[in-house]
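>>> Take this sequence and fold it.
(one chain, ligands or ions: 2)
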Amino acid sequence: MSSTHDENLAVVLGSGRFIRSVLLPLLPLKYHLFQPRSNTFLKSVCGESSDGTPNPGSNGGTYEYDVVDSEGGTTTKYQKLDYIGSLNSKPSQEHLLTLKPSYILVGLTEAGITPTSPGMIWLSKLLKSLSSSSSSSHKVSLICTDNLPQNGTKIKSIVLGLEPNLKAYLEENVTFHDAMVDCIVSYRPGSLYSQVPMREILPSKTIVISPPSNLPTTLNFHNVSKKTLSNEVTKKLLIANATHTAIASALCLEGYNKTDSINTSKGYLKYLDELFDSEILPTVIKVTNLQPEECEETWKEWRVRLSSKSFGLSTYFISQGSAKKVGIRLKETLRSYDRVGSAGVASVLRYLTGGKEEGGFRGETGRRGGEKKEYAPGLYMEYGEKGEYLFKNDTILNIDGVEVPLPEALTRGRDGVYDLSAVVSTYLKSPSVGLPSPSQTLVSNICKHLRRLYSGESFESVITHLDVVPLDHSFSHFKDVVELESTVDDEVDNVEIIDLHTHLLPSEHSDKFLTGIDELLNYHYLVSEYIMSSEMKVSEFMNLTKERKTEVIWNELFIRMTPVSEATRGVVNVLKGLGMAKEWKERDLNGIRSKFLALRASGDDAYEESIFSLSKIKYAVMTNIPFSKEEMKHFKEGTTFSKRYRTALRVDPLLEGDWGKVKLAMAEDGIKGSGIPAVKKWVKTWCSKISPEYLMASTPKNFTYESVDMTQPGAFATNVSGAGKKRKIEQDDDCCEDAGEQASRINESSDLLKEVLLPLAEELQLPLALKIGCDRQVNPTLGLAGDGIVTVDMSILLRLLQDWPKVKFLVTFLSLENQHSACVLKGKFRNLHIYGCWWYVNQGSLIERITRMRLEMLGTNFTFQHSDCRVLEQLLYKWKHSREALKLVLRGEIRKVWENGGCNRADVRKVVERITGGSYEEFLKMRL
Ligand code: FIX
Ligand code: ZN
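Ligands and ions are numbered 1, 2, ... in the order given. Alright, predicted model coming up:
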C-alpha cells in the first residue's frame, strides 16, 4: 500500500466499459480501481470465494477488452490493474484513503455525478484525506470520462458542496479538467453481464481535456485551451451525437437492433447527409465561430464510424434518454431549421409512445416479434408478437394542469384523446428540450411525420418523401360548406410558400437589391401601363430620373386614374400591408417615401426577413445570371445571404446559341478556349460556385429543337451526349464518357443547347427550367416593358421530353392555349413539372382558370404559382393576389371532394402544400 505520493498512481472511480477500454489503456499509469456500487467486475477479475464474495483485490488483476478494426477483425487486449476493490467494502474504503494519487479518473455515468452517489461521496473523502496529509501540496489531476458538459467543473462543485472546507486546498492543488470523450464502446457478444468491452479503433479526438494536464498530448489524447474544448464539444454534440439521435430510434422502429444496419438502406445515410448539409451545418456555423470545413471534417469522420459494417451499437441501448437528447443535441438545429430534423424528432417520439408497465413503459414497433433480449439492466426488446420493448422515461408533461408521462401523453395524442400538436408543443417547451417558443412549422412538421409513423408508414418512406401530408383521423369531416370554405381560406392563407422563380436578389447584394416605392412604381408592368395612356414621348420618359418616373407614373395611374389593374392594385396592397393606408388615402407620395425609409431603419436584412415572414414565403429562388458581371461579383466575393434565397443559374445565351455572349462572359471569367469543353467547364464552375436549384432560360420566339437522327453520318460527333432519336425513353445510355475528346472536333457552329446545356443538365442532375412564350422586344423602345407574347408549337417541348428522359424540365408558358397542351404533356412525361402563371397570365381570372384546369387534369402534380417578383415588397401583393385566386378555386374543387364522400382539414392541407411547393421539391428529388 502506498502511503507516499506516487507520480504515476491513478485512482479510478468506476468500472464502466468506456473507462476500462479507452482511458486506462491510453495513459501509462498504475491503477487502483474502485467499483462504486456492485462487485460484478471485481468478481470477474479476481474470482470469488465459495461463499460468493469476491476475492480480495489487493493484488490487482488483469482484464480483457476487444478492439474491432475497420475490416471487422477483433483483437483481444489485456489491461493490468494494481488493485481492484469495491466502494461497498470496508477494506477497500480504508485502502482508498491511504492512497496519494497524482491522478483521479472518474467514470461513473451521468447518474453517478450527483452529491448522493457513493462515487462522489468517496471522492470527497479521498480529497479530504489528501488535503490533511503531510504531502498536501502535491498536485492532483482529475479527469472524468462521463458525457456531461463541463464534467470536471461539475464534479468540483459537488465536492465543494459536500466538503466546503476544501475550497482553498482544491484551488491550490487539484485541477478538475473538463473533458470531451469520443469512442464507440459496445461489449463482446455473450460476455457475462456484458462485462467485456468491445471498442472501435480510437478516433483522432478520443479524449480532449482542458485546462491542459502534464500528461503528454498524443494522437488520441489532447490537452487544449478552454475555447478549443468548447468547440470540440459543440462539434461532437451538434454534429456526431445529433445525427445519432436523429436515426437511432428510427432504427429500433424498423426492427434493427444494431446501428450498422444503417447500411441496409441508402435512404438512411442520405437523410443524415441532408440533415447535416441543410440544417446542422448552417446552425453550427451560426452559433459558433467554427469554419464549415472543420464541421464537414467532423461529419465525414463520424459518418464513416456510424456506417462501419464491423461495429454496431445496440440501437435500443442508445435510444435510452432520447427525450432529453433531442434537447441537448438537436435543439439548436430545430430552433432555426425544421424540415429534416423534425423527422428525427418524430421518430424519437414515435419510439417513446407507450403505456405504463411494470419496470417502465411498453412501446411497440409493430414490425416483428422474436426472441426476448435484455438490452440494458431490466429493459427488454422484442418480447412479443408486435416488436414490443420496455423503456424508461423521466419526462413528465403538464397537459391542462395534469402531469402526464411523455409516453402516455403521446399515446393519447395518437388516439385523439389529446390534441397531438399540443402534446408535441408542450414537450418541446418542457425542460427536456427547452425550446420556449417552438415555431408553428416545427410543431406541425413533427406531427406530420409522427402521424405517418403512427399509421404504420416506415421511417424510410417518411424521409424519402418528407413533404407528404399524412391522413389525419384526428380531424373530422367538415360539417358544412361554411366550415369547409373557412378551412380552405385558412390553409391557403397560412401555408408557407416556395416561390420557385423570382428576380429578387438579397440585401447583401446591395446594388442589386430592389426595394421601396420608387422601385415598385418603376416596375415594367406599370411602365407599360403608363406609356399606353400618356402623351409623353417614350424617349422623353425613358430619359427621366427614376424618382421623376415614379412621380409621373403615380400621378397618372394612381391619381388621375383608379388603380384597377393587377399591377396597380398590387402597389396599393403593399402600402396597406405596410401600414401606409393613411398616406395612400391622402396620395402622399413623399410621406410614403419616408415611411419606407423608416421601415429599413433597423437594417436591410431585418427588413427583408420581415417581408418574407409577412408574405409567408419559405424561400424564393433567384435568377442568377453568370453573364452579368455586376451580379456575379457578389458570388465571386463569396458574400453570404439569408437562407430565404436559393440560387438558379440563368443561361439564356446557351439556349439561343449566342456564342458571342458566351465567349465574352467566359473570357471575363478567365476561361481559356472557346470550344464545347471550355463552355461546359465554365458552366460547371458556376454551378459549383453557386449550387443552383436548376439551370434556366426563357426561350426566344423562334426557339426550335430538332431531334437529330443518330443514324446519319457525323451525328455522333455533334451529339456526343446522346441527343437524338436514338435516345429514347428508358434507354440508359452512358455514351458521354469521352465527351471531352470528341468535343475538340466541334466548332462554333455547334449547338449549345444540345451539346452543352442538355448534357450538363443530365450530368449534373439539375433540372432545366424553361419559360416559354415570350416574343422579345416587339416594341424595343419600351425596354423591359417591350416584350410580347407568342403561342408556341408544343411539339418542340415534346421532342425535348422524349429525347432527354433523364433531364427534368420545369416549364411555364405565357400563352393560355399552351397551358392546356402542357397539362396533356405532363400527363405523359414524368420528367416534366409545370409551374406558375407567368406575367401575362398572372391575373386573378387567369390564375383561377389555369389552376382549376391543372387540378382537374393533373391532381396536385404541379406548382400553381411563382411570383416573378423583381422588387422585394412585391412578394406581399403578388402572393396575396395569388392566394385569393387559389382560395376561390379550392373552395369549389374541395367542395366536390366533400360532396363525394367527405373530407377534412388534412385533405385540404395536402392539396395546398403540394401545389405551393411540395410537389416541386418532390420533383427535384425524384429519381428518373
Ligand atoms: O424571362 C423571365 O424570367 C421573365 O420573367 C422576364 O423576362 C419578364 O421581364 C418578367 O419580369 C415577367 O414577369
Ligand atoms: Zn422571370
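
>>> and the residue of the stretch 51-200 of the chain found nearest ligand 1, what are its phi and psi?
The minimum distance from the stretch 51-200 of the chain to ligand 1, using CB to the nearest ligand atom, falls at Asp182 (49.8 Å). No exception for glycine: its C-beta is placed from N, CA and C like everyone else's. In terms of degrees, to the nearest 10, the main-chain angles of Asp182 are phi -150, psi 100.

>>> What separation do you get for it and Gly16?
15 Å (CB to CB, to the nearest Å).

>>> Of these two, which one has the most company?
Set Asp182 next to Gly16 and count neighbours by other CB atoms under 10 Å: Asp182 wins out with 24 against 20.

>>> Surely the more buried one is in contact with Glu200?
No - between Asp182 and Glu200 there is no contact under CB atoms under 8 Å: 10.2 Å.

>>> doesn't Leu599 make contact with Ile517?
No - using CB under 8 Å, Ile517 is not in contact with Leu599; the gap is 10.8 Å.

>>> between these two, who's got more neighbours?
Taking neighbours as other CB under 10 Å, Ile517 and Leu599 compare with Ile517 leading, 26 against 18.

>>> Pull the contacting residues for the residue of the stretch 701-850 of the chain found nearest ligand 1.
Closest residue of the stretch 701-850 of the chain to ligand 1, CB to the nearest ligand atom: Trp839 (3.9 Å). Remark: with contacts taken as CB atoms under 8 Å, 6 or more residues apart in numbering, Trp839 is in contact with Cys774, Leu814, Asp868.

>>> If we check ligand 1, which of the residues you listed are in contact?
With CB under 6 Å from any ligand atom as the criterion, those include Asp868 near ligand 1.

>>> between the contacts of Trp839, which is nearest Ile143?
Of all the contacts of Trp839, Ile143 sits closest to Asp868, with 61.2 Å by CB to CB.

>>> May I have the predicted confidence score for the residue of the stretch 551-700 of the chain found nearest ligand 1?
Using CB to the nearest ligand atom, Ser698 is the residue of the stretch 551-700 of the chain that sits closest to ligand 1, at 3.6 Å. Looking at Ser698, its pLDDT stands at 95.

>>> One more: Ser70?
The model's pLDDT for Ser70 equals 74.

>>> Return the residues in contact with it.
Contact analysis of Ser70 by CB under 8 Å, 6+ apart lists Ile201, Ser308, Ser310.

>>> Counting neighbours, which of those residues end up buried?
Ile201, Ser308 (16 or more other CB atoms under 10 Å).

>>> Write out the residues of the protein neighbouring ligand 1.
Ser698, Lys771, Leu784, Trp839, Asp868.

>>> need the contact list for the first one.
Neighbouring residues of Ser698 by CB under 8 Å, 6+ apart: Asp652, Leu770, Lys771, Ile772, Cys774.

>>> Could you export the residues you listed as CSV, including neighbour count and pLDDT?
Formatted as CSV, the contacts of Ser698 follow (neighbours: other CB atoms under 10 Å; pLDDT from 0 to 100):
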residue, neighbour count, pLDDT
Asp652, 17, 96
Leu770, 21, 97
Lys771, 22, 97
Ile772, 22, 96
Cys774, 23, 96
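
>>> farthest pair in those residues?
Farthest apart among the contacts of Ser698 by CB to CB are Asp652 and Ile772. That separation is 12.4 Å.

>>> Okay, now the unreliable bits of the stretch 601-750 of the chain?
Applying pLDDT under 70 to the stretch 601-750 of the chain flags the ranges 708-750.

>>> Report all helices and strands that the helix or strand harbouring Leu306 contacts.
In this assignment (DSSP states H and E), Leu306 forms part of helix 292-307. Identification of packing neighbours for helix 292-307 by 3 or more CB pairs under 8 Å, 6 or more residues apart in numbering; DSSP states H and E yields helix 226-235, helix 242-253, helix 266-275, helix 281-287.

>>> same thing but at 6 Å, please
Under the contact definition 3 or more CB pairs under 6 Å, 6 or more residues apart in numbering; DSSP states H and E, helix 292-307 sits against helix 281-287.

>>> Gly354 and Thr426: what is the separation?
Going from Gly354 to Thr426 by CB to CB gives 17 Å.

>>> Tabulate the contacts of Ser698 (TSV), appending distance to Gly255 and secondary structure.
Shown next, in TSV, are those (distance: CB to CB, whole Å; DSSP: H, G, I helix; E, B strand; the rest coil):
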residue	distance to Gly255	secondary structure
Asp652	52	helix
Leu770	45	strand
Lys771	48	strand
Ile772	49	strand
Cys774	55	strand
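
>>> Enumerate the beta-bridge partners assigned to Leu142.
Taking DSSP bridges as the rule, Leu142 bridges to Ile104, Phe176.

>>> I figured it was touching Asn173, is that so?
No - counting by CB atoms under 6 Å, Leu142 stays clear of Asn173, with 11.0 Å between them.

>>> These two: which has the busier surroundings?
Per other CB under 10 Å, whichever of Leu142 and Asn173 has more neighbours is Leu142, with 25 against 16.

>>> Quick check, pLDDT for that one.
Looking at Leu142, its pLDDT stands at 97.

>>> quick one: it and Leu27, what's the gap?
The spacing between Leu142 and Leu27, counted by CB to CB, is 13 Å.

>>> Tell me where this structure is predicted with low confidence.
Per-residue confidence for the chain (pLDDT under 70) gives these ranges: 1-4, 49-58, 193-194, 368-370, 468-475, 708-750.

>>> which ones are touching Phe864?
Applying CB atoms under 6 Å, 6 or more residues apart in numbering, one finds that Phe864 lies in contact with Thr851, Ile915.

>>> residues in contact with stretch 636-651?
Contacts of stretch 636-651 (CB under 6 Å, 6+ apart): 506, 508, 612, 619, 621-625, 686, 690, 692-697.

>>> redo that, cut-off 7 Å
Residues from elsewhere that reach stretch 636-651, judged by CB atoms under 7 Å, 6 or more residues apart in numbering: 282, 506, 508-509, 605, 608-609, 612, 619-626, 683, 686-687, 690-697, 757, 769.

>>> Please export the C-alpha coordinates of that stretch as PDB.
What follows is stretch 636-651, C-alpha atoms only, in PDB (Å, rounded to 0.1, in the frame of the first residue of the first chain):
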ATOM      1  CA  LYS A 636     -17.100  35.700 -56.600                       C
ATOM      2  CA  GLU A 637     -16.600  37.600 -53.400                       C
ATOM      3  CA  GLY A 638     -18.500  34.900 -51.500                       C
ATOM      4  CA  THR A 639     -21.000  37.300 -49.900                       C
ATOM      5  CA  THR A 640     -23.300  35.300 -47.700                       C
ATOM      6  CA  PHE A 641     -27.000  35.900 -47.600                       C
ATOM      7  CA  SER A 642     -30.200  34.800 -46.000                       C
ATOM      8  CA  LYS A 643     -31.400  31.200 -46.300                       C
ATOM      9  CA  ARG A 644     -34.700  32.700 -47.700                       C
ATOM     10  CA  TYR A 645     -32.900  32.800 -51.100                       C
ATOM     11  CA  ARG A 646     -31.900  29.900 -53.300                       C
ATOM     12  CA  THR A 647     -30.000  30.200 -56.500                       C
ATOM     13  CA  ALA A 648     -30.700  29.300 -60.100                       C
ATOM     14  CA  LEU A 649     -28.300  29.700 -63.000                       C
ATOM     15  CA  ARG A 650     -29.800  31.600 -65.900                       C
ATOM     16  CA  VAL A 651     -28.200  30.800 -69.200                       C
END
